[in-house]
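Novice: what's the 3D shape of this:
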Amino acid sequence: MSSTSIFGSADLVAFFMDECNNNLRKELNNKSLADDDNNDNKATKIYHALKLRLSMTLPFVSSNRWHEGMAIGALPQNAYKTAQQLDEMATLVLEYVLGAEKGNNNNANAAQRAVIVAAYAAAELHLLSTDVSNNGSSVASVSLSGERFQSTWKFLEERSNEAAKLIVDGVDGPSFSGLPLPNPTHVMA
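Specialist: Numbers count the residues shown, from 1 in each chain. Have a look, this model is predicted:
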């Protein structure tokens, strides 16, 4: 008889992400920033919420293990659950950012949630990125107090500003005017 667990690595990653979302919900419910409808305040709220959520992964990032968790979550059999968890995270962030508007379910539409998830995922990948040292070998660049860590927060701030602009203007608004977008009916070979 084997003494293996009925839970696998995907279950652990899913549990951790659920815990992070629960902790994010609690923290955002306790946070209060001045209610101001300007774009800068929305960007600040997005930044603080995503930084809070991203910082929850730091113990695993600093042990050089979080990339494994991300890879497990991205496996085809786990992707749906991961997408649901990221969507939940985005909904929590948008409810926090939109404040009094959160009663209107149309405010946290799919495009807005996708913008939040994209900003978060980009910052998460930025945090996990590697630098090439002078001798050409790749070295892990995660340092909780070092340049790469500060670079990630700056990167997240920039993505938060972009996300706020898209949320305020909307995906059909002035943010995309003049921007050539690919035609979704054409498939590149």
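
Novice: elements contacting the helix or strand containing Glu27?
Specialist: Using DSSP states H and E, Glu27 falls within helix 9-30. In terms of contacts (3 or more Cβ pairs under 8 Å, 6 or more residues apart in numbering; DSSP states H and E), helix 9-30 is packed against helix 39-55, helix 66-74, helix 76-98. Bear in mind the C-beta positions are built from the backbone N, C-alpha and C, glycine included.

Novice: where does pLDDT dip in this protein?
Specialist: Within the chain, the ranges that satisfy pLDDT under 70 run 1-7, 32-40, 100-108, 130-146, 148, 171-189.

Novice: relative to helix 39-55, how tilted is the helix holding Glu27?
Specialist: Counting by axes from the mean of the first three to the mean of the last three Cα atoms, to 10 degrees, helix 9-30 lies at 140 degrees to helix 39-55.

Novice: then helix 9-30 to CSV, C-alphas only?
Specialist: Taking Å, rounded to 0.1, in the frame of the first residue of the first chain, the C-alpha atoms of helix 9-30 are listed here in CSV:
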residue,chain,number,x,y,z
SER,A,9,1.5,19.9,-7.0
ALA,A,10,-1.4,21.5,-8.9
ASP,A,11,-3.6,21.2,-5.8
LEU,A,12,-0.9,23.0,-3.8
VAL,A,13,-0.5,25.8,-6.3
ALA,A,14,-4.3,26.2,-6.5
PHE,A,15,-4.6,26.2,-2.7
PHE,A,16,-1.9,28.9,-2.5
MET,A,17,-3.5,31.1,-5.1
ASP,A,18,-6.9,30.7,-3.4
GLU,A,19,-5.2,31.8,-0.1
CYS,A,20,-3.6,34.7,-1.8
ASN,A,21,-7.0,35.8,-3.2
ASN,A,22,-8.6,35.5,0.2
ASN,A,23,-5.8,37.5,1.8
LEU,A,24,-6.1,40.1,-0.9
ARG,A,25,-9.8,40.4,-0.3
LYS,A,26,-9.3,40.9,3.4
GLU,A,27,-6.5,43.5,2.9
LEU,A,28,-8.4,45.4,0.3
ASN,A,29,-11.5,45.5,2.4
ASN,A,30,-9.5,47.0,5.2
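
Novice: flag every buried residue along it.
Specialist: Residues of helix 9-30 classed as buried by neighbour count (16 or more other Cβ atoms under 10 Å): Ala10, Val13, Ala14, Phe16, Met17, Cys20, Asn21, Leu24, Arg25, Glu27, Leu28.

Novice: just give the nearest non-adjacent residue to Ala122, would you?
Specialist: Distances taken as Cβ to Cβ, 6 or more residues apart in numbering put Arg159 closest to Ala122, at 5.6 Å, once the chain neighbours are dropped.
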